[in-house]
Structure formats: structure tokens, C-alpha cells
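**Q** Structure for this input, please:
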Amino acid sequence: MTAERLAALYQRVQDGPIRDASTWHWLDYNFTPGTEGSTYFAPLTLGALITVDEAMPGYADEMLGRLESIGGRDRNRDDYEAISQWLAELVVVLHLVRHEWSEPPVLTMEPTAPSTVVKKNPEVMVEVAGHGRFGVEVKSPNLVNHQKSRGRQPWQLLERSDVKPADLSGGVTLPRDNPVKDYLISADAKFAGFRDAYADFQSVLVIVWDDYVNEPLTALLSPASGLLTENSFHKDASGNAVSYPNVDAVLLMRHQHQLQRGMSNLEPVDDRMHFLDYGSPDRFPPHVLVPNPAGQPLDEEWVGALGGWYPDLLPGAENNPGSMVMWIDPA
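**A** This is a model prediction of the structure:
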């Protein structure tokens, strides 16, 4: 990365809609010269775009164009969450570019399967000689209303079971499992064409959550209703559990709050150097790697790159499926 490229990208932002005084953008302050954001958020973000662009030419222009389009609505929370999703993708793709692969990788931005009629693109595909092709899809749900409910209600149901909200005294936060289901459906469809086209293709769905990783983990593995179990709440017309054979694993990241802190120009919490720091297996919090029984066992090259831990190797209640939480004195 050169200073000239960074300066050119920074100038593009100055001349574009993010800094347009006639409209609203959440990141206007962070790209305003002389602000705290201009010395923290802006150089880290633009530097990351340039780093990825060196491996996948055109990435910086494409991603910055997307970021510029997420605005125009004064303090709109959906736009804020869309920027968080944008950053989540950047964190994962930046990590894949920087990872030390066993052989020089070929990375393809938003690849298209050769036999696919309907063009559905994951974020990136990595090809490594001797290991094949690896498709990566990144999702980060809007948790705003869920977080508000979680902080106010005395009860939280993590799974779909015989326990109903009416059985509990007081307000109840319901499982946030529908986005996980939708992500699996979408990723399975996106990866299907690659699976058909390449015998050596494998895949992962990365879900970037907040610090309450037991929520998506329960959505996947709950014995009562987990989406990757025979008792999945997602049924077909015959009442059978729907499977997602083109998704080989799901990686759960506790990172949304880091992105929000970064947008506020705050230092990260836990063992992270900055808000775009993906982390590593020896630092807290760990990523949780959940194999899909309906998929293929991941090649160790991909497992090593993801840096996640299997749930049965992780201590702590947050790294295990749960059924219900009772919050004491919710705010």
C-alpha cells in the first residue's frame, strides 16, 4: 500500500456523497479532515480496502461505491446497520487476503459459478493448489430491536421448545433464529452452482453476531429446534427437517460490537488491536466453527484459515447451546 493510493482514495471520499454537506451519511464525521475519525477510522478502513484491492483488483472501488450509497436518510438506523454489515465483510475478506496460505492463493471477488443461470455471488472464493476452492459468504444481522428487548425483558428464550412465553412471568425475548435460517437458505443457493461445477469446492457461511454468540449457536445446534439437527424448526412440506448440503460449515464471530466501537472511534474490547482485527485462535474471544452434518468435512487448509474452534472444545456457557436465560434486574 502506498501513501499515494491512500491519499487518492481519501480524496475520492472527500469529493463524494459521504462528505456531501447536502445529505446525511453516518460516516461523514469519520472522514472529515482534522477529526478523530480522520486519524483512526478512515485510514484503517481505506488501508484495508487497498490491501484487499492488491489481491483482487477493483475491490476498493466496488466496496467504496457500496459504502457511498448507504446514506441520504438522516440518522437512519437501517443505514447504520448496513454499514456494520459492510464492515463485517471487510473484516473477513481482509483476513483471508492476509492469511499465510500453504501455497499462493488466487482470490476471486464475488465469483459466479460457470453453470449458474441465476447469478448468485458469495463474497469471495479462494483457490489454493492441492486444496481446491473455498467459497466464503458473510452475513451480519440487524440486532437493534433484539438487543433492546434483551436488555429490558426478564426472560429470554434461545430455542423453540415446549416452553412458551405464556408460561413465564414477565416479558420474554424470543429466539433470533430466523435470520440464521435465512442465511443458510441463501448461502446454500449461492454455493449450489459451485458445488456442481467444481468437485473440489467447499464452503463456509460466516455470521457476525454481537457478544451473545450462544444465540446463533443455539439456533444451529439446539437439540429441540437447531437448524443443523433432525429437529430443525425449518421443515419442508412433508414435515421433514430442511438441510443445507452446499454449506459445509458455519463460523460464528462475536464482532458486531467491535465494529460499532470502531465507527464511534473507540478502542476495541478484548484481545483485538482495532475494529478490523479478525483475531486468532489464541486470542479472546474465539470464533466458533460449527460443521454442517449435511455438508462436507472441511479441508484442514480452510479450517486453519478460519481460525475457529469447534464448540465441544470451547469452555463457557456462551459457547454451548442453551434453552432459556433469566436476566436479573434488566435495564
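
**Q** So what would you say the end-to-end distance of stretch 105-120 is?
**A** 22 Å (Cα to Cα, to the nearest Å).

**Q** Give me the residue at the spatial middle of the chain.
**A** Closest to where the C-alpha atoms of the chain average out (Cα atoms, centre = their mean) is residue 208, at 3.2 Å.

**Q** and it, helix, strand or coil?
**A** strand (DSSP: H, G, I helix; E, B strand; the rest coil).

**Q** residues contacting it?
**A** By Cβ atoms under 8 Å, 6 or more residues apart in numbering, the residues touching residue 208 are 88, 91-92, 138-140, 253, 255-256, 259. All C-beta spots, glycine's among them, are computed from the backbone N, C-alpha and C.

**Q** Over to residue 48?
**A** Taking Cβ under 8 Å, 6+ apart, one finds 90, 94, 276 in contact with residue 48.

**Q** Name the helix or strand for the first one, please.
**A** When secondary structure is defined using DSSP states H and E, the element that contains residue 90 is helix 77-98.

**Q** Is residue 180 in contact with residue 217, as I believe?
**A** No: taking Cβ atoms under 8 Å as the definition, residue 180 is not a contact partner of residue 217, at 9.5 Å.

**Q** hey, where'd the strands end up in the protein?
**A** Counting by DSSP state E, the segments of the chain that form strands are 106-109, 124-128, 132-139, 155-157, 172-173, 201-209, 249-254, 287-291, 308-309, 324-326.

**Q** what is the residue nearest to the centre of the chain paired to in the beta sheet?
**A** residue 253 (DSSP bridges).

**Q** Which pLDDT does the model give it?
**A** With respect to pLDDT, residue 208 scores 98.

**Q** What distance do you get for it to residue 250?
**A** 12 Å (Cβ to Cβ, to the nearest Å).

**Q** again, but for residue 96
**A** Counting by Cβ to Cβ - residue 96 and residue 250 are separated by 17 Å.

**Q** neighbour-wise, which of the two wins?
**A** Legend: neighbour count by other Cβ atoms under 10 Å for residue 96 and residue 250, higher for residue 250 (30 against 22).

**Q** Thought residue 203 was touching the more buried one, still the case?
**A** No: contact criterion Cβ under 8 Å: residue 250 and residue 203 do not qualify, at 10.1 Å.

**Q** Now for residue 77: which residues touch it?
**A** Residue 77 touches residue 144, counting by Cβ under 8 Å, 6+ apart.

**Q** where's it relative to residue 235, distance?
**A** In terms of Cβ to Cβ, residue 77 sits 33 Å off from residue 235.

**Q** give me the low-pLDDT residue ranges for the stretch 201-331 of the chain?
**A** Filtered on pLDDT under 70, the stretch 201-331 of the chain yields the residue ranges 329-331.

**Q** show me where it has helices.
**A** 214-221, 256-263, 300-306 (DSSP state H, counting those that start in this stretch).

**Q** what about those helices, which gets the closest to residue 10?
**A** Residue 10 lies closest to helix 256-263 among those, at 17.2 Å (Cβ to Cβ).

**Q** And that closest one, what's buried?
**A** Using 16 or more other Cβ atoms under 10 Å as the test for burial, helix 256-263 gives 256-263.

**Q** What of stretch 102-120?
**A** Going by 16+ other Cβ under 10 Å, stretch 102-120 has these buried residues: 105, 107-109, 111, 113, 116, 120.

**Q** Contacts for it next, please.
**A** So stretch 102-120 is contacted by 55-56, 58-59, 62, 96-97, 121-131, 135, 189-190, 192-194, 196-197, 301 (Cβ under 8 Å, 6+ apart).

**Q** where does the stretch 1-150 of the chain have low pLDDT?
**A** In the stretch 1-150 of the chain, residues with pLDDT under 70: 1, 116-118.

**Q** make it 90
**A** Applying pLDDT under 90 to the stretch 1-150 of the chain picks out residues 1-3, 114-120, 143-150.

**Q** in it, which spans are helices?
**A** Ranges of helices in the stretch 1-150 of the chain, per DSSP H, counting those that start in this stretch, are 3-15, 36-39, 41-55, 59-69, 77-98, 144-152.

**Q** Mind putting those into JSON lines with distance to residue 226?
**A** Below are the helices of the stretch 1-150 of the chain laid out as JSON lines (distance: least, Cβ to Cβ, whole Å):
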{"stretch": "helix 3-15", "distance to residue 226": "43"}
{"stretch": "helix 36-39", "distance to residue 226": "41"}
{"stretch": "helix 41-55", "distance to residue 226": "34"}
{"stretch": "helix 59-69", "distance to residue 226": "33"}
{"stretch": "helix 77-98", "distance to residue 226": "23"}
{"stretch": "helix 144-152", "distance to residue 226": "19"}
